[in-house]
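**Student:** Coordinates for the following, if possible.
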Amino acid sequence: MSAIQFLTDAEGNRISAVIPIELFNRLAAESELDEFFESVPFESDDNDDETIPDAVVDIRHYKNVPLHAAWRIFRGYSQEYVAEALGITQAGVSNMEKRVKPQKATLEKLACIYDCRVAQLY
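**Tutor:** As a prediction, the model looks like this:
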């Protein structure tokens, strides 16, 4: 069995522990842990199996932009490049990137430009 690992805060105080799954399973079987579990409501849809590269998710999170804008940044494209590919102005791309979900036809064009699937853009 591998060792227990501790997660610490900035001052070095232990705040959490990572334990081997075998130990967790044994402790769970011996304990009543229901109070620690919370039901999370979930509705399935057609995109449940869709994946997005970690780098795109990181860009979306750290730059606080919609996914379709994160894909542009991930691919290293300028707004001017995308504007030319779409046949619109750079200002049009800028405005589009302020929306969470552009129109379907635009998403289909962006998917071609970014070499990804439409469902990965929103």
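
**Student:** Going by C-alpha atoms from here, please, whenever you check contacts or count neighbours.
**Tutor:** Will do.

**Student:** Let me know the outermost residue of this structure.
**Tutor:** In the chain, counting by Cα atoms, centre = their mean, residue 30 sits farthest out from the average C-alpha position, at 35.7 Å.

**Student:** State the pLDDT value of it.
**Tutor:** pLDDT, residue 30: 81.

**Student:** And for residue 2?
**Tutor:** Reported pLDDT for residue 2: 65.

**Student:** Mean confidence (pLDDT) on stretch 49-68, please.
**Tutor:** Average pLDDT, stretch 49-68: 93.

**Student:** list the buried ones in that stretch?
**Tutor:** For stretch 49-68, the neighbour count (16 or more other Cα atoms under 10 Å) marks 56, 57, 59, 60, 65, 66, 67, 68 as buried.

**Student:** before we move on, what about stretch 107-120?
**Tutor:** For stretch 107-120, a neighbour-count test (16+ other Cα under 10 Å) marks 107, 108, 110, 111, 113, 114, 118, 120 as buried.

**Student:** Grab the two from those that are most spread out in space.
**Tutor:** By the measure Cα to Cα, 113 and 120 form the most distant pair in the buried residues of stretch 107-120, at 12.8 Å.

**Student:** pull the helix or strand with minimum mean pLDDT from this protein.
**Tutor:** None of the helices or strands of the chain scores lower by mean pLDDT, DSSP states H and E than helix 21-30, at a mean of 85.
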